[in-house]
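> from the sequence below, what's the structure:
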Amino acid sequence: MKSMKIELGFVFLVLATSPVLLAAPPAALLSEDDPGINFLFSGDPQTTEDGCAQDGRRVSLGDPGKNHNELAECDNWDFKPHEWGKAAFLQGQFILGQSPFSDDGGWECLGNVGPGGFNPCANSTVRAGSTFKNTPLPPGSSLFQGIPMDISKDWVFSFDFRIGIPAGDTFGNDKLFEAIADTGDIMKLLGAGDSGESFINGEADRYRLHHGDGAGNHISTLIDVPVSQGHMTLHYKSANERMDLWLDDMKLVGDFASFNNGYGINRIQLGGGGPSFENALYDNVVLGVVAIAVACGPQGPGSSAPGDFNCDGTVDVADLGIIGANFNGGSVTYIDGDANLDGMVDVADLGVVGANWSAGQSGSLATALHGAGLGALIPEPMTATLVAVGVLGLIRRRVPRWGQMVKKN
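Predicted coordinates for the structure are as follows:
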């Protein structure tokens with residue numbers, strides 16, 4: 001127990017002055033009742049099948065059975081959406097490359113490289129429109145068109161990406177992605193430099209979010225962290241008609257409006273813009289609705305904050321008491337204090353309570369820990385803020401993302 005106290009005390013002191021991520025973005029649910037996009041880019045990255053090469057022959061627009069610019073003779077690489085969505089445009093000499101996000105590759109387009117002296121991958125672009133499950137768009141629909149999402153429901157557009165800037169390139173990427181509705185662009189993530197490049201003040205991989213303010217004005221918000229690889233999430237919230245932009249578990253910009261107050265997304269574009277020569281890889285492109293949370297109970301917190309074990313809408317002394325009564329116990333469920341659903345009640349579950357401690361209770365957290373018989377785990381002297389932040393930092397990676405219904409392959 002003494003060693004546990006020493007370890008926790010160290011983590012508290014280190015993380016108390018560091019930014020800590022207290023939430024995670026929602027994931028998309030592909031529903032039979034809603035349109036969506038499910039663009040996984042799959043196959044065997046190591047295939048030796050004839051026709052699977054960077055300079056292989058590609059189909060022309062309108063050829064049956066393949067997407068525009070897909071390798072014509074390569075059947076081992078799949079560049080078609082699965083069940084939901086329509087591929088509208090694939091630009092650049094792309095291949096199926098090794099992806100850090102899945103075992104079956106990703107859409108890769110390499111700038112300034114390529115065998116045989118063929119054109120490099122300039123201005124790599126992926127476009128897709130949303131459809132209902134296994135339902136083609138009506139006859140006469142344009143190539144770049146889709147079915148709008150229902151704006152009375154939360155929706156999520158997400159994708160995995162990796163952007164590499166070849167040596168000697170001082171321009172970088174000019175556009176990472178944009179979301180589009182019939183009313184026009186909802187938002188764009190563009191290079192932050194004065195000429196659209198992703199270099200600013202000598203720093204690479206910098207972008208600006210272009211969006212609206214809800215009053216018809218366009219706004220440019222600098223993303224002041226490197227954006228070169230990870231899981232990007234755009235979350236539309238129907239409750240206030242605003243959006244959040246996430247990179248992995250970091251919220252980059254919250255509660256921003258669209259360019260034109262329209263949110264019925266039906267098309268997406270990755271890359272594109274002006275000619276650029278970055279090494280781009282995209283994977284697991286998904287547009288869907290946010291799953292409706294189940295009720296708080298043995299399976300999890302539902303719409304309540306994690307750590308609300310008695311499901312009364314507040315994480316407070318009563319929930320600490322539940323942990324205290326079942327601490328180090330097995331054969332437990334969420335309502336017994338097993339916040340991370342790992343089959344036992346331990347210090348990790350205490351961390352979830354600390355991270356979500358109700359504001360009105362925060363001043364008495366240390367006292368409440370002692371009252372619940374858990375004070376021996378907390379080094380003294382420590383404030384309630386250090387407890388909440390430090391324990392969360394210790395166990396953050398163990399806490400599941402409740403409600404994430406679509407798994408990346």
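
> can you get me the start-to-end distance on stretch 85-95?
21 Å (CA to CA, to the nearest Å).

> any idea how far it is from the chain center?
How far stretch 85-95 lies from its chain's middle: 21 Å, per CA atoms, centre = their mean, to the nearest Å.

> would you check that Val352 makes contact with Ser304?
No - using CB atoms under 8 Å, Val352 makes no contact with Ser304, being 11.9 Å away. C-betas here are computed from N, CA, C, even on glycine.

> quick one, domains of this protein?
The chain is divided into the following domains under automatic domain parsing: 2-22+294-398, 28-290.

> tell me the contacts of the residue lying closest to Asp349 once chain neighbours are set aside?
Setting aside the residues directly before and after it, Asp349 is nearest to Ala339 in space (CB to CB, 6 or more residues apart in numbering), at 4.1 Å. Going by CB atoms under 8 Å, 6 or more residues apart in numbering, Ala339 touches Pro301, Pro306, Gly307, Phe309, Ala348, Asp349, Val352, Val353, Val399.

> closest to His82 among those residues?
Nearest to His82 among the contacts of Ala339, counting by CB to CB, is Val399 at 29.5 Å.

> got the confidence number for that closest one?
pLDDT recorded at Val399 is 38.

> so Val352 and Ser304 - more neighbours on which side?
Val352 (28 against 20; other CB atoms under 10 Å).

> buried set for stretch 332-342?
Residues Val332, Tyr334, Ile335, Asp336, Gly337, Asp338, Ala339, Asn340, Leu341 are the ones in stretch 332-342 that count as buried (16 or more other CB atoms under 10 Å).

> surely the fourth one meets Asp349?
No - between Asp336 and Asp349 there is no contact under CB under 8 Å: 9.5 Å.

> so Gly97 makes contact with Ser124?
No - counting by CB under 8 Å, Gly97 does not reach Ser124; the two are 11.8 Å apart.

> neighbour-wise, which of these two wins?
Each of Gly97 and Ser124 has its neighbours counted (other CB under 10 Å); Ser124 has more, 28 against 19.

> got the contact list for the more buried one?
Contacts of Ser124 (CB under 8 Å, 6+ apart): Gln91, Gly92, Phe94, Cys109, Gly111, Gly271, Gly272, Glu278, Ala280.

> do Gly273 as well
Asn123, Asp174, Lys175, Leu190, Gly196.

> just the closest of the residues you listed to Asn261, please.
Leu190 (20.3 Å).

> contacts only, for the residue sitting nearest the centre point of the chain.
Residue closest to the mean C-alpha point of the chain, counted by CA atoms, centre = their mean, is Thr233 at 3.6 Å. By CB under 8 Å, 6+ apart, the contact set of Thr233 is Pro25, Pro26, Ala27, Val156, Phe157, Ser158, Asp244, Leu245, Trp246, Leu247.

> Val286 versus the second one, what's the distance?
Okay, so that is Pro26. Relative to Val286, Pro26 is positioned 12 Å away (CB to CB, to the nearest Å).

> shared neighbours of those two, anything?
The contact sets of Pro26 and Val286 overlap at Val156 (CB under 8 Å, 6+ apart).

> what's the end-to-end length of stretch 51-70?
Criterion CA to CA; first-to-last residue distance in stretch 51-70 is 11 Å.

> run the chain-centre distance for that stretch.
Here the centre of stretch 51-70 is set off from its chain's centre by 30 Å, with CA atoms, centre = their mean.

> max-length strand in this protein?
Longest strand of the chain, by residue count under DSSP state E: strand 279-290.

> how about whichever helix or strand comes after that one: buried residues?
Proceeding N to C from strand 279-290, the next assigned helix or strand is helix 317-326, under DSSP states H and E. For helix 317-326, the buried set under the neighbour-count rule, 16+ other CB under 10 Å, comprises Val317, Asp319, Leu320, Gly321, Ile322, Ile323, Gly324, Asn326.

> swap in stretch 25-40?
25-31, 34-40.

> so which of those residues belong to helices?
Of the buried residues of stretch 25-40, none are assigned to helices by DSSP state H.

> quick revisit: weakest of the domains of the chain by average pLDDT?
Least confident of the domains of the chain, judged by mean pLDDT, is domain 2-22+294-398 with a mean of 66.

> what about the strands in the stretch 1-150 of the chain?
All strands of the stretch 1-150 of the chain, identified by DSSP state E, counting those that start in this stretch, fall at 28-29, 37-39, 42-43, 77-78, 86-91, 95-97, 106-109, 125-129.

> distance from the fourth one to the middle of the chain?
With CA atoms, centre = their mean as the basis, the distance from the averaged C-alpha position of strand 77-78 to the chain average is 24 Å.

> what does the last one give?
The chain centroid and the centroid of strand 125-129 are separated by 18 Å under CA atoms, centre = their mean.

> helices or strands up against the very next helix or strand once past it?
Note on strand 125-129: by DSSP H and E, the next helix or strand toward the C-terminus is strand 155-164. The helices and strands touching strand 155-164, judged by 3 or more CB pairs under 8 Å, 6 or more residues apart in numbering; DSSP states H and E, are strand 28-29, strand 175-181, strand 229-237, strand 265-271, strand 279-290.

> quick one, which of these is nearest to Ile219?
strand 175-181 (15.1 Å).

> neighbouring strands - and their directions - for the following helix or strand past that closest one?
Using DSSP H and E, the next helix or strand after strand 175-181 towards the C-terminus is strand 184-191. Strand pairing for strand 184-191, determined by DSSP bridges: strand 175-181 (antiparallel), strand 207-212 (antiparallel).

> picking up where we left off before, in a markdown table: the helices and strands packed on strand 155-164, plus distance to Glu203.
Below are the helices and strands packed on strand 155-164 laid out as a markdown table (distance: least, CB to CB, whole Å):
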| stretch | distance to Glu203 |
| --- | --- |
| strand 28-29 | 31 |
| strand 175-181 | 16 |
| strand 229-237 | 16 |
| strand 265-271 | 21 |
| strand 279-290 | 18 |
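
> was I right about Phe199 contacting Gly193?
Yes - Phe199 lies in contact with Gly193 (CB under 8 Å); the separation is 5.4 Å.

> need the residues touching each of these two.
Here Phe199 and Gly193 share the contacting residues Gly172, Arg206, scored by CB under 8 Å, 6+ apart.

> before we move on, back to that, can you say which of the helices and strands packed on strand 155-164 is nearest to Gln46?
Judging the helices and strands packed on strand 155-164 by CB to CB, what sits closest to Gln46 is strand 279-290, at 15.7 Å.
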